[in-house]
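Q: Just need the structure, nothing else, for what follows:
(chains A and B)
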Amino acid sequence: MTEHSRAIALTVNGEEVRETVEARTTLVDFLRDRLGLTGSHVGCEQGVCGACTVRLDGVIVRGCLMLAVQCAGSTVETIEGVSDAGEIADLQEAFVRRNALQCGFCTPGVLLSAQELLTSWERAGDGVPSREVIRVHLAGSYCRCTGYQAIVDAVEAVASARLGSQANTSSPSPSSGRAGEGSFPRHSRADEPHPTSLRSATLPEDGEGLKTGPTPRQGLAARAPTLPSPASGGGKEARP
Amino acid sequence: MKVTPDLASELTALDRPNSYIGRAVPRPNLARLTQGRGQYVSDVTLPRMAHVVFVRSPYAHARIRSIDAAAARRAPGVIAVVTGAELAKIITPWVGVLTHLKGIKSAPQHAIAVDVARWQGEAVAAVVARTRAEAEDARALVAVDYEELPAVTDPETALDPATPVIHADLGDNLCFERRHEGGDPDGGFAKADEIVEATFVFGRHTGVTNEPRAILADWNPGDARLTVYQGTQAPHMMQNLFAKHLGLAEHQVRVLTKDVGGSFGIKVHTYADEMATVALAKLLCRPVKFVADRSESFVTDIHARDHRLRARIGVTRDGAITAWEIDDLTGIGPYSVYPRTSGIEANQVVNLIGGPYTCPNYRAHARVVFQNKNVMCQYRAVGHPIATHVTESLVELAAARIKMDPLELRRRNLIPDDAYPAQGPSGIRFEKLSHHEALAHLDAMMNYAGLRAEQTRLRAQGIYRGIGFASFVEVTNPSAAFYGVGGARISAQDGATVRLDATGAVFCHSGVTEQGQGAEAVIAQCVASSFGVPLERVRVVTGDTDNVPYGGGTWASRAAGIGGEAAWQAGKALRENVLAVAGQVLQAAPASLDIRGGVVVDRADGRERIGLDEVARIAYFRPDTLQPGFQAELVATRHYVPKAWPFAFTNGIQASHVEVDIETGRVTLLKHWCVEDCGTVINPQLVDEQIRGGVVQGLGAALFEKCEYDARGQLLNGNMADYLVPMAAEMPDIEVGHVVSPTADSELGAKGAGEAGTAGATGAVANAVNDALRTLGAREITEVPITPEVVLRAVGRG
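A: I've put the predicted structure just below:
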């Protein structure tokens, strides 16, 4: 142990961990290199890309912007732990079904971020978040492969499904979502169809329908410059 | 519908019972990636593994006077500090030229710079240590004495006599030059009522793969083999290059490619630091790992698209395009990248200009020059975004000049759907395209008339919305014409080996690679369909040069069209082999049998006869019960390369709907549409997602992405906070439609779809922005990215 090292104890995915770490070691390097939890990825090391997103005491943080020593006494959950617990099985299944990942490098971070959005909306009883809200919340995760639409579709589908299963066990929520929350579309139209499920029209299960595009649906401008949430540890600043 | 050239009684590719062709089945390898159980190169560790980091030149051009590594060598954990001259004894330099690009020249490039560093970020020394942190600590102790040299950064002056020559042996800074003349361009311009001319400027940008480049090389002197874990698109190409430059036989090198965190053409090239890593493993006789950090990625991952084009179009008042002319200038850094060269992008621009249109009168001049910036090379849609952007901007500028609707001008000039085979202005040959059907489909899908009416209505309220289009062609399924004929050992063909295992499941080893696009799913669909088993009984293996058939890998939208066809054929061949065994067991003629749903059935009526597990059991464990002298063959290999056409061109059209805030200059993407024709669609969901992801890469280029260099060749925004990439909040929903014109070159008829989105998106957005601002009398915007500053300058407020 050098003068720059510290002994820390923390809980990682439900397991007690005692390690000695250099003070400069980031949380994500600690998780990956020391504990072998390679599901958290290193993309930019400056808090922009979100590939290293993990949960610290229940709140998502950037694993590259936290030092491991800062996590002494805390509870850390990574994609491995959250997967094993079955907490996001429905999200994972929806991502697979909707092909909401391609290379998969961003996916652990995206899933943890999406889960935070969904649980906060469930807790608030706010119904299904709008596509714009989902997009803004996920704006702290960089995905080069998908173009984001499939991710938004999958998250939206799970939000609807969870609300549906909630409605079956408790009082139904009349809310159909806070359209415009977190974003400020200047020309939103009252007759805008609100998609509430996977738009299967674009996903023919067989060869049929290939030449028939889905119903034209005018998208809203996603013009929200807001950050996803302070807890997500950064994310890209508003565009200039 | 295309009829496949199969046995008369055989079902076609698309309607075999239980066919997975055309079905949106989920990819088999996704669940583990959602659980954090992927294995990217950056995740792999080996016993005795060391880490390498590189000392990189802070100057764009500098002589290395001396390197003092004494302090670094004494630092904790350090195993070695190696300079370029020292490493040159282990690995030979390379020159990135191909013989079919006439006159292209470049200079020998070393794994680590020797004597002179020629771009900011070029490695000048390597530090190997037990941990990466220790290597980085020691790196700070390496003292390099540089003599800064004048940097050549502006392509416009790169060829001036007064400009220093970057490689004295080459005589000048010209890497490659091409002239093309087709039809009668002078006559065409003479016939034009209007000639529209513009200079287009494209921002240099880069791939920003989510996982940076990573490589882990392990030289084992005990069995004289080099094993390389690499996130690459072309494992066999890299096997060849590692062997060649380390002085090994190819069979001494194994390249393993597991999960790859995004490629997009970034990971299909030879990188000096990766070659250095492999050489260090050989030098040190232990595994050495290199993972680029993001700031290294920005100065070493290939850049692309740094072009300036002067271009003009001639058009008659009644809307006939009469001529095209371009002059393209591009700066590609100090070396042509090995082995694909940095001449291909400009060559593609020349090939693709005017591609969708009938007008044959075309003159082109392209020059590729050296400069002291990071190298440029092929990135997703190579040349297409530039050629499409220029062509489609010229078309819309011409439409505006003659006051004709931009779709109408296209209708009058796009190659008619019944005119195939046909060729483009540069002589590129098209088997079968569908520009008009695609345009009609797009028109209806987006409700064009409705959007125009809304545009007019909102304009009265001071809201500036615009609609822009881009018709395009895309090069896919390349034959040897792309690289092989130029001398590069890059396989044009691909192979698939299919094996029935002892319980009736199927393994398929394929030479293409999975980069996240879904190649393994497509391969599985092809095998499951042609062999006749449920998809879940097919296991696909890729990315291992010891174990998969020799192949080209994944680039130029070839994995589905070429690798898929090979897998389809291999599955068919194995079916015949298995039916020969089943015929023995059942005392039936093999031709009277088929395999459907994993069961051997009577071909005529589908009656179930025997399970594949039982056939396999007999063949493997009780072959003594088969006819004497009969040998079951339960492995089949087939290869495929396109033969009738050098490339399977695809086509499509995109539309962008934007709103421009003329106070802030901000462009909001409201919606994007793409109708494309990639022939037979094997998996519609994967095609749609390739299109969407590709479109968004083009949208990034349109609005955000640019590597900003100063005059001394310093990259000013080499990090993800300053180099803007598309994030979820700014991106629109993208509607995708299809027209299906299969290629007759293969039985499946599938062409590629990986680059169509990127090819057209940038030009469509530029046209939409200009459409939004045109009534304001704004200056036409002919540069990307279209930043708020660019918009404000165009409307006279900047």
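
Q: got a list of what residue B:59 touches?
A: Shown in contact with residue B:59 (C-beta atoms under 8 Å, 6 or more residues apart in numbering or on different chains): B:117, B:120, B:146, B:148-149, B:151, B:712-713. Quick note: C-beta positions are derived from backbone N, CA and C, even for glycine.

Q: Just the ones of those residues in strands?
A: Secondary structure assignment by DSSP state E places B:117, B:146, B:148 of these in strands.

Q: circling back to that earlier point, nearest to chain A among the contacts of residue B:59?
A: residue B:120 (19.3 Å; C-beta to the nearest C-beta).

Q: was I right about that closest one contacting residue B:371?
A: No - using C-beta atoms under 8 Å, residue B:120 makes no contact with residue B:371, being 11.6 Å away.

Q: who has more neighbours, these two?
A: Of the pair residue B:120 and residue B:371, residue B:371 is the one with more neighbours under other C-beta atoms under 10 Å in any protein chain shown, namely 30 against 23.

Q: does the nearest residue to residue B:315 once chain neighbours are set aside count as helix, strand or coil?
A: Residue nearest to residue B:315 in three dimensions, not counting chain neighbours: residue B:398, with 4.2 Å by C-beta to C-beta, 6 or more residues apart in numbering or on different chains. Put simply, residue B:398 is helix when judged by DSSP: H, G, I helix; E, B strand; the rest coil.

Q: just checking, residue B:398 touches residue B:313?
A: Yes - with contact defined as C-beta under 8 Å, residue B:398 counts as touching residue B:313 (5.3 Å).

Q: shared neighbours, these two?
A: B:196, B:321.

Q: Those two: who's more crowded?
A: Counted by other C-beta under 10 Å, residue B:398 and residue B:313 do not tie: residue B:313 has more neighbours, with 30 against 25.

Q: what helices or strands is whatever helix or strand that one lives in leaning on?
A: Element membership of residue B:313, judged by DSSP states H and E, is strand B:307-315. Packing partners of strand B:307-315 (3 or more C-beta pairs under 8 Å, 6 or more residues apart in numbering or on different chains; DSSP states H and E): helix B:185-191, strand B:194-202, strand B:321-331, helix B:344-352, helix B:384-401.

Q: Now the element after the last one, going C-ward?
A: Using DSSP H and E, the helix or strand that follows helix B:384-401 towards the C-terminus is helix B:406-413.

Q: which non-adjacent residue is nearest whatever residue of chain A ends up closest to chain B?
A: Distances between chain A and chain B by C-beta to the nearest C-beta are smallest at residue A:39, namely 1.9 Å. Among residues not flanking residue A:39 along the chain, residue B:36 sits closest, at 1.9 Å (C-beta to C-beta, 6+ apart).

Q: Which of the three states applies to that neighbour?
A: Relying on three-state DSSP, one would call residue B:36 coil.

Q: ok, and does the biggest helix by length in chain A reach over to chain B?
A: Taking DSSP state H as the criterion, chain A has its longest helix at helix A:149-169. Yes - using C-beta under 8 Å from any C-beta of the partner chain, helix A:149-169 reaches chain B at A:149-152.

Q: Quick check on the contacts of residue B:59: which are buried?
A: B:117, B:120, B:146, B:149, B:151, B:713 (16 or more other C-beta atoms under 10 Å in any protein chain shown).

Q: what's the farthest-apart pair in the residues you listed?
A: With C-beta to C-beta as the measure, no two of those lie farther apart than B:146 and B:713, at 13.4 Å.

Q: Break chain A down into its domains, please.
A: Using automatic domain parsing, the domain parsing of chain A gives A:5-82, A:88-228.

Q: For the longest one, the averaged confidence score.
A: Rounded to a whole number, the mean pLDDT of domain A:88-228 is 69.

Q: Kindly report the same for stretch B:182-201.
A: Here stretch B:182-201 scores 98 as its mean pLDDT.

Q: cool, and stretch B:81-91?
A: Rounded mean pLDDT across stretch B:81-91 is 98.

Q: Give me the phi and psi for residue B:373.
A: Note on residue B:373: backbone dihedrals following degrees, to the nearest 10 are phi -130, psi 170.
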